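Asks: Turn this into a model:
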Amino acid sequence: MNDTTDAFDGLDAAAGLDLLRTGQITVEGRLTSASNATLYCTVADGARSAACVYKPVAGERPLWDFPDGTLAGREVSAFAVSEALGWGIVPPTVHRDGPFGEGMVQLWVHGDTTVDLVALSRETDNPDLRHMAVFDAVINNSDRKIGHLLPTPGGHLYGCDHGVSFAEDYKLRTVLWQWRGEPLTEDALAALESVRDQLKDPGSALSDVLGRHLTEPEVYALGVRVDLLIHHRIHPYPAPDWPSVPWPPV
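Replies: Below is the predicted model of the structure:
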């Protein structure tokens, strides 16, 4: 687990994850630009406190291509895949009860506001960004916008908003197509092989989380995507019959 503390109010990722599970959530405000109810909160247990995002299931807007009430679980599943890959792409995320019922709670990333996100999204020699492109292919992310890139002052790159992921059909929609068709790096292949092994183990932490939040066909499709990436050993291409870039891209 990534131990970056600059992004999480002085907590490392492990302590932040524990706080998310056990602390008391207090709503401070709402992010009005989000399409679903997204609440800015603090989570505290007396000794520790951190900012977080809380997305209650009750505030999810129905979508035509995803089952109602499943977006929070998909966010938690994305965190589980991020951890299984070993890249710390998704901030610590849990599924728990909150002031407005069950939902997703994720540590707020205090990002580096001096970074030009548009320029960052176009880089070709950034290993963390390239890892994110592979991660998005694994989870079938249909909404990787530029604004979902969260670089920290310490140089780590996080990503957020993974609720519209894990569809059975190929729906990869992202601003990170600069490696399409290029060979996967050896470290990416090793991480994918690790995920494949964890998916085959019904007792793994990854299998446990996915089994609670995704359907069996969705978990099967995830395994197929991992197998295809390992077999072809290249970054995927955009689908010919699906928009390849989210709108708006920022």
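Asks: Show me the shaky parts of the protein.
Replies: In the predicted model, the chain carries pLDDT under 70 at residues 1-4.
Asks: How about the lengthiest helix in it, which residues are buried there?
Replies: Within the chain, and with DSSP state H defining each element, the longest helix by residue count is helix 216-232. Residues of helix 216-232 classed as buried by neighbour count (16 or more other C-beta atoms under 10 Å): 218-219, 221-222, 225-226, 229. The way it works is simple: take the backbone N, C-alpha and C, and place the C-beta from them, glycine included.
Asks: List phi and psi for residue 183.
Replies: Main-chain torsions, residue 183, degrees, to the nearest 10: phi -60, psi 140.
Asks: same deal with residue 95?
Replies: Summarising the backbone geometry of residue 95 under the convention degrees, to the nearest 10, its torsions are phi -110, psi 120.
Asks: now do residue 40
Replies: Here is the backbone geometry of residue 40 (degrees, to the nearest 10): phi -90, psi 130.
Asks: quick one: it and residue 106 touch, right?
Replies: No - Residue 40 is not in contact with residue 106 according to C-beta atoms under 8 Å; the separation is 11.2 Å.
Asks: Now for the two: what residues contact both?
Replies: Common neighbours of residue 40 and residue 106, counting by C-beta atoms under 8 Å, 6 or more residues apart in numbering, are residue 53.
Asks: Counting neighbours, go ahead and name the busier of those two.
Replies: Taking other C-beta atoms under 10 Å, residue 40 and residue 106 do not tie; residue 106 has more neighbours (25 against 14).
Asks: Can you tell me the SS state at the more buried one?
Replies: Secondary structure, DSSP: H, G, I helix; E, B strand; the rest coil: residue 106 is strand.
Asks: which ones are touching it?
Replies: With C-beta under 8 Å, 6+ apart, residue 106 has these contacts: 20, 52-53, 55, 75, 79, 90-94, 160.
Asks: tell me which residues of stretch 165-174 are tucked away?
Replies: Across stretch 165-174, burial judged by 16+ other C-beta under 10 Å covers 165-167, 170-174.
Asks: of all those, which comes closest to residue 236?
Replies: residue 172 (6.5 Å; C-beta to C-beta).
Asks: Quick one: residues contacting residue 82.
Replies: Residues in contact with residue 82 (C-beta under 8 Å, 6+ apart) are 88-90, 135.
Asks: ranking those residues by neighbours, who comes first?
Replies: The most crowded member of the contacts of residue 82, judged by other C-beta under 10 Å, is residue 90 (28 neighbours).
Asks: and that one, backbone torsions?
Replies: Backbone dihedrals for residue 90, given as degrees, to the nearest 10, come out at phi -100, psi 130.
Asks: I'd say it and residue 161 touch.
Replies: No - at 10.0 Å, residue 90 and residue 161 do not qualify as touching, with contact defined as C-beta under 8 Å.
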